[in-house]
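# below are the sequence and a predicted model; questions follow.
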Amino acid sequence: MPTKLYSSILPSIIFLSLVFLFIYSTFLPLYTNNGSSSLPTEKFLPSSSSSTCNLFDGHWVLNSTKPKPFYDETCPFHRNAWNCLKNKRDNMGIINSWEWVPKDCNLERIDPWSFLGLMRNRNIGFVGDSLSENFLVSFLCILRVADGGAKKWKRKGAWRGAYFPKYNVTVAYHRAVLLANYKWKPKHSAVSAQDELKGVYRVDVDIVADEWSSIAGFYDVLVFNTGHWWGYDKFPKETPLVFYRHGRPINPPLGLLDGFQVVLENIVRHIQKEVPKNTLKFWRLQSPRHFYGGEWNQNGSCLFDRPLEEDQLDLWFDPSNNGVNKEARTLNHLIRKAVQGTDIQVLDLTHLSEFRADAHPAIWLGQKDAVSIWGQDCMHWCLPGVPDTWVDILVQLIHSSFKTG
Ligand SMILES: *[C@@H]1O[C@H](CO)[C@@H](O)[C@H](O)[C@H]1NC(C)=O
Ligand SMILES: *[C@@H]1O[C@H](CO)[C@@H](O)[C@H](O)[C@H]1NC(C)=O
Ligand SMILES: *[C@@H]1O[C@H](CO)[C@@H](O)[C@H](O)[C@H]1NC(C)=O
């Protein structure tokens, strides 16, 4: 009797177990993903760094025993407006006592000696706008600690950079704010005098800017960015961007965001075609701005003495709240789409930087009239400061890529 019962029930049990296992294994990954992070960042990490964790998700912890920054106001690579120690910005000690702590893993502080050792005979390039320059200055000042003979370097279209002779390493920045080629075309006098158009900026979506068109073989690591110039404050309707392809205006004309998307697609295609496979490629997402109470030219301010709380971030940055700082996430969405499926790794420094309303140069710009002329700087970052953490993250990713690759 029992055996008979078994023989009729056993197949059902096995079948049900298999069904359960199948359901479990199918849906478990979804649940753990949702549970571990509200940000869809993990799936954008390349498979080669699956052994590393998500450095972009975490929180800032005030740590008064955190090691002091590697450099001070005497670093020769500083740019005046970001040299917050020299400009006597309030709170610099506290700004540099906050430590980024990823949720599920360790963020190591860069060891400039061992990093330059790893990079011996190799070069690192940044291509993009002034936020890439901000990143570069931090990097140069940190690396200089391991090679006091570091020399300014400016070649091959580089805007600024440094050569580290002890290790034969060059780290440089190529200024190309739209990445694509663009040039000013004043209004032809014969053309309609009907409106306030002064001329246009012609953007060739299929031609990369001269400043980085011939660097493909030189760098072993490249970090791209663009975004901060894609706004109507840089290109208002009297001097708009007009997009060209194959040497002819694109018709119907593209708006700013559509133009951004088309340029991204073309630049990504160019990188995939022209930059060698074994060059490590990153695309840095937007650095968020923190203008409070108005735009940069409307007395927008960032006089904060501590980072934002996690539950304030959406208020500041979610596009649906239509605040003055909303554009970073909108652009990020298009960037992620453009690089998906390529070997370009996303360097998602946006979220961690969103917290740091307290760490911009603000009114401490080193020039008397700068604030009345330009407004506060709630866009770039004080150095030393938040970009030092960007360096730690980039370096950890480079370490793990060169180890596994
Ligand atoms: C603060 O930093 C020190 C030095 O890196 C470290 O040993 C300590 O664990 C940190 N403390 C906290 C609370 O994270
Ligand atoms: C320095 O590095 C470059 C590659 O960036 C290499 O071509 C050159 O041979 C190196 N020079 C020395 C002296 O090792
Ligand atoms: C900015 O502040 C100045 C001085 O307080 C004031 O005169 C000006 O009207 C303000 N501008 C805007 C756009 O709010």
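Yes, it's here. Ligands and ions are numbered 1, 2, ... in the order given.

# ranges for the strands of this structure?
Assigned by DSSP state E, the chain shows strands spanning 58-62, 98-102, 123-128, 151-152, 160-164, 169-175, 180-186, 199-208, 221-224, 241-245, 248-249, 280-284, 344-347.

# next, the buried residues of the last one.
Burial within strand 344-347, assessed by neighbour count using 16 or more other C-beta atoms under 10 Å, is assigned to Ile344, Gln345, Val346, Leu347. All C-beta spots, glycine's among them, are computed from the backbone N, C-alpha and C.

# and which of those is nearest to Leu257?
Val346 (19.3 Å; C-beta to C-beta).

# so which residues on the stretch 101-250 of the chain come close to ligand 2?
Counting by C-beta under 6 Å from any ligand atom, the residues of the stretch 101-250 of the chain close to ligand 2 are Asn121, Asn123, Asn168.

# name only those of these that count as buried.
For these, buried by 16+ other C-beta under 10 Å: Asn123.

# just put the residues of the stretch 101-250 of the chain next to ligand 2 in TSV and tack on pLDDT.
Converted to TSV, those look like this (pLDDT from 0 to 100):
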residue	pLDDT
Asn121	98
Asn123	98
Asn168	98
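
# could you list the low-pLDDT ranges of the stretch 51-200 of the chain?
51-52, 189-194 (pLDDT under 70).

# and ligand 1, which of the strands of the chain is closest to it?
Smallest distance to ligand 1 across the strands of the chain (C-beta to the nearest ligand atom): 5.4 Å, for strand 58-62.

# anything in the closest one near ligand 1?
Yes: counting by C-beta under 6 Å from any ligand atom, contacts between strand 58-62 and ligand 1 involve Val61.

# show me what that strand pairs with in its sheet, parallel or antiparallel.
Sheet pairing of strand 58-62 (DSSP bridges) gives strand 98-102 (antiparallel).

# skip the chain neighbours and tell me the closest residue to the residue of the stretch 301-405 of the chain found nearest ligand 1.
Ligand 1 sits closest to Asp392 of the stretch 301-405 of the chain, with a gap of 11.9 Å, by C-beta to the nearest ligand atom. In space, not counting the residues next to it along the chain, Asp392 is nearest to Ile110; the distance is 5.3 Å by C-beta to C-beta, 6 or more residues apart in numbering.

# repeat that for Ser130.
Nearest one to Ser130, counting by C-beta to C-beta, 6+ apart, is His380 at 6.7 Å.

# for that neighbour, grab the count of nearby residues.
Look at His380: counted by other C-beta atoms under 10 Å, it has 22 neighbours.

# how about the contacts made by the closest residue to Asp377 other than its chain neighbours?
Once flanking residues are discounted, Asp377 sits nearest to Pro361: 4.4 Å by C-beta to C-beta, 6+ apart. For Pro361, the contact set (C-beta atoms under 8 Å, 6 or more residues apart in numbering) comprises Ala81, Trp82, Cys84, Asn87, Arg89, Gln376, Asp377, His380, Trp381, Cys382.

# for burial, what's the neighbour tally of Val171?
Burial of Val171 is recorded as 25 neighbouring residues (other C-beta under 10 Å).

# thinking again about what came up before, Cys105 versus the residue nearest to Ser130, what's the distance?
Distance of His380 to Cys105, computed by C-beta to C-beta, to the nearest Å: 29 Å.

# can you check Gly227 too?
Per C-beta to C-beta, Gly227 is found 27 Å from Cys105.

# of these two, which one has the most company?
Gly227 (25 against 14).

# my guess is the more buried one meets Ile335, correct?
Yes: if you go by C-beta atoms under 8 Å, Gly227 and Ile335 touch, sitting 7.5 Å apart.

# now do the shared contacts for those two.
Residues touching both Gly227 and Ile335 (C-beta under 8 Å, 6+ apart) are Gln286.

# for the residue nearest to Gly323 when sequence neighbours are not counted, give me the pLDDT.
Spatial nearest neighbour of Gly323, chain neighbours left out: Trp316 (5.8 Å); criterion: C-beta to C-beta, 6+ apart. You'll see Trp316 listed with a pLDDT of 96.

# is Glu99 in a bridge, and if so with what?
Here Glu99 shows beta-bridge partners Val61, assigned using DSSP bridges.

# quick one, what contacts it?
Trp60, Val61, Leu62, Asn63, Lys66.

# just curious, which of the residues of the stretch 101-250 of the chain next to ligand 2 is nearest to Glu310?
Asn123 (37.8 Å).

# who's in contact with the closest one?
With contact set as C-beta under 8 Å, 6+ apart, Asn123 has these partners: Val169, Thr170, Val171, Ala172, Phe218, Tyr219, Asp220, Val221.

# all helices for the stretch 201-350 of the chain, in order.
Taking DSSP state H, counting those that start in this stretch to define them, one finds helices in the stretch 201-350 of the chain at 256-274, 313-317, 327-339, 350-354.

# and the second one, how far out from the chain middle?
Going back to what we said before, that points to helix 313-317. The chain centre lies 18 Å from the centre of helix 313-317; the measure is C-alpha atoms, centre = their mean, to the nearest Å.

# just the residues contacting that helix, thanks.
288, 290, 308, 321, 323, 325-326, 328-329, 351, 354-355, 357.

# let's see that with 7 Å instead.
Contacts to helix 313-317, defined as C-beta atoms under 7 Å, 6 or more residues apart in numbering, come from residues Pro288, Leu308, Asn321, Gly323, Asn325, Lys326, Ala328, Arg329, Glu354.

# cool, the third one as well?
Counting by C-beta under 7 Å, 6+ apart, the neighbours of helix 327-339 from elsewhere in the structure are 44, 227, 230-231, 260-261, 264-265, 268, 283, 285-286, 288, 317-319, 346, 350.
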